[in-house]
Every structure is written in structure tokens, then in C-alpha cells.
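Structural data only, the sequence is not supplied:
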């Protein structure tokens, strides 16, 4: 089993994941979101797609047994174990604009979006290519009658995790999310492990 | 008032829309979906974003008064009139793969995705750049407790419409949707008007 790598609070990283390897995203302290992106290493224009994934799952909340699809309708990742059962796949990574528009910040943090863009730049992925992320542990309950949703603290407790198996060679990016509201009011680290 | 243009069943088109112009998407026979895409004419990498839009609206069902944002968090379109009140912004355009995976078709139609890709090619937009579309009149109720959703017949009646105002110069693409399930079991035309 690989050693866990720590992503410090409000930061992000990128790395490669080979077909057949597993990636475990761990919430070491609890109530912390991690935005996850995946790109096909053979052709970076093939990218994780919320729309395709939700369409094939017929569910907005994904968990063990579900598959994350690319924009070309290929399976990128299988969710093989999930100790939390609530993740979000509706919202884009938080950004300077998120903090400006939603929080009214005048000097906003670059957010997950900025962290993902910086981490992915060496791999040749530009900021405009960042799609809706699979937001591990993010808790966005939707009111089916009105369509309204709220961003609530994650249901993850210290040590909870979700494990994915790669179905193709991938470039991955992962954050410790930077939005106060998404993380129960405090910024904490995320860990990941590749096996 | 401009003359309406008809999009035949199971087809699509693309056109430009100038800042300040309005686009009215009309369902002439009722119960027919139209997938809508928008790209910034100045830089086609700026594209309509479900994730940004939903994040700022705090709602998955959008209607009059809501704004459709780009991946750069700029407003592309305002919804200024809406006679239906139920549209989808979760699912990607139907495609060969949709029909293969969901319907089990062995010789599938190219779907909205293929129609959008063909219509956008002359504008320099490649198929991998097609994101989650704003699916006018598409009725996808979500069960908030389980996250499950179903694709139900549109609530639109003959002559119902939705009108958008452009907040920037745009390349637009629009379809008469090709998925049987999304359109109450039959393929019908869509009309649009630019004013």
C-alpha cells in the first residue's frame, strides 16, 4: 500500500495515474472537500464529464459501483469503495469569481480553480479546459420540488475515504478545497494514496 | 419581430447572436426539447458552463430572471421570458453513445451531439469542446432524497417559448432534440427567432 501524500489546506496538485491503479482520496480530519479532475493521458481533450456521467447513472449522488465517464463516453474511473456516500458533481471548482460573486470578497483567493489550473499547467491543460469537477465529500442536497440546493458541511468523518480504479491512463488533479462554506467553516488538508 | 426559423426534427443549426439581441426558442408543437450552446465570439474557449451557472443561481431549475454564465464567470445570456419554467442543465446532448448505452441501439443516430458538432464545425468549435447544454424544455425531475432522476415529457405546450438576451457577441448552436425519451415519444421541430 502506498504512503499517503498530504495536500495542504487551500492548495492542489496534479499527478499521473495508470490504468489499473487505484486512487484513494482521504479526508484526514473530516468535513473537508476535495475537487477531482481527470484527463486522458493519450489525448488531453478527453476529460471527465458530469453530464455524461449523470446521464448514464440516472442519479446526481454517486457512490460505490458508479463509473465516471469522459466527454467521449468512455469510463475513466470506477468508484470501488466509498465510506461517505455523498459527493457533488453539479458545481465547478471555487474560483476568484466564486468568492467575488457569492462571498463578496474584494481580494479573493484563487480557489480550487486557480490551484487546479496551476497544477495542470505543466501537463499542458489550460484553465478553460477545466470542467465541472467530481467534488469528493461535497454535500449539496437538492430540493427536488423547487430545484434549490444548499452547500452543507461534508458528511465525512476523520479518516473517511473514497477509492477509484483507473480504467485508462490518466492525468489527475486534486485539491484541498478553498471555499469556507463547502468545508464546514474551516480549511483542512486532504490526503491521497496510489496503489 | 424576426421571422421564425424552423429546425427540422432530429437536426441542429448554429448562428451568431450579437450582444443586445434576443433569441426566442419556440416549441411549435409542444413536448419537444432543444439543446442550446453558447460560445464567446471573441474567444471560442469561453463557453456556457452548467457548473458556474448553477453555483451562482443556487438552483438546478432555471427560469425568467436567471443568467447563464460562461466558464470564465461572465454572463452570456439572460433569461428574460419563459412560458414553461422547466428546463434541464444537468445532462449532455444525446449522442451515438447515449443511444448505444441507454437505449441499446445497434446503429444509433448521431443525436444532438453529432448535430451540434456538425453545425459548429464551420465556426471552428471541435466536438470535444461541446459541454453540458442548456436543454430548453427538457424535464428532468430529481428526487432530492435519493438523487435519482427521470427524463419525463416536456411540460411545454404548442407555441410555448423561452427568450434569452445576449450579454456578449456569441456563436450559438441549437437543436431539435433526437432522443425519444426526452420528447414524449416523438420527434418534432423547433423554431427560433432573433430580434
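It's in. For clarity, every value in this text was computed on a predicted model and none was experimentally measured.

Could you look up the SS state of residue A:116?
Following DSSP: H, G, I helix; E, B strand; the rest coil, the label given to residue A:116 is helix.

pLDDT score for it?
If you check residue A:116, the pLDDT there is 97.

Does it touch residue A:131 like I think?
No. Using C-beta atoms under 8 Å as the test, residue A:116 is too far from residue A:131 to be in contact (10.4 Å). Any C-beta I mention is one placed from the backbone N, CA and C, and that applies to glycine too.

Counting neighbours around each, name which of those two comes out higher.
residue A:116 (26 against 23; other C-beta atoms under 10 Å in any protein chain shown).

Ignoring the adjacent residues along the chain, who's closest to that one?
residue A:173 (4.9 Å; C-beta to C-beta, 6 or more residues apart in numbering or on different chains).

State whether residue A:1 and residue A:195 are indeed in contact, as I suppose.
Yes. In this structure residue A:1 lies within contact range of residue A:195 using C-beta under 8 Å: 5.6 Å.

picking up where we left off before, quick check: neighbours shared by residue A:116 and residue A:131?
Each of residue A:37 lies in contact with both residue A:116 and residue A:131 under the rule C-beta atoms under 8 Å, 6 or more residues apart in numbering or on different chains.

and the lowest-mean-pLDDT helix or strand in chain A, is it in reach of chain B?
Sorting the helices and strands of chain A by mean pLDDT, DSSP states H and E puts helix A:96-101 at the bottom, at a mean of 87. Yes. Applying C-beta under 8 Å from any C-beta of the partner chain, one finds helix A:96-101 in contact with chain B at A:97-98, A:101.

swap in stretch A:75-93?
Yes. Judged by C-beta under 8 Å from any C-beta, stretch A:75-93 comes into contact with chain B through A:90-92.

contacts for stretch A:109-123?
Contacts of stretch A:109-123 (C-beta under 8 Å, 6+ apart): A:10-14, A:35, A:37, A:39, A:44, A:92-96, A:98-99, A:126-127, A:130, A:133, A:171, A:173, A:175, A:177-179.

quick revisit: now the residues of stretch A:75-93 next to chain B as TSV including pLDDT, secondary structure and neighbour count?
Shown next, in TSV, are the residues of stretch A:75-93 next to chain B (pLDDT from 0 to 100; DSSP: H, G, I helix; E, B strand; the rest coil; neighbours: other C-beta atoms under 10 Å in any protein chain shown):
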residue	pLDDT	secondary structure	neighbour count
A:90	97	coil	20
A:91	96	coil	25
A:92	94	coil	28
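
out of those, who's nearest residue B:30?
The closest of the residues of stretch A:75-93 next to chain B to residue B:30 turns out to be residue A:90 (C-beta to C-beta; 28.8 Å).

OK, contacts around the closest residue to the closest one other than its chain neighbours?
Leaving aside its chain neighbours, residue A:90 sits nearest to residue B:54 (5.6 Å; criterion: C-beta to C-beta, 6+ apart). Contact partners of residue B:54, counting by C-beta under 8 Å, 6+ apart, are A:90-91, A:149, B:60, B:89.

Surely residue B:54 is in a helix?
Yes. Residue B:54 sits within a helix when classified using three-state DSSP.

now it: how far from residue A:135?
Going from residue B:54 to residue A:135 by C-beta to C-beta, to the nearest Å gives 12 Å.

Please identify every residue contacting each of the two.
In contact with both residue B:54 and residue A:135: residue A:91, using C-beta under 8 Å, 6+ apart.

so where do the helices sit in chain A?
For chain A, applying DSSP state H gives helices covering A:50-57, A:96-101, A:111-120.

Contact residues of chain A facing chain B?
So far as C-beta under 8 Å from any C-beta goes, chain A lies against chain B at A:45-47, A:49-52, A:54-56, A:58-61, A:71-73, A:90-92, A:95, A:97-98, A:101-102, A:126, A:128, A:130-132, A:141-150.
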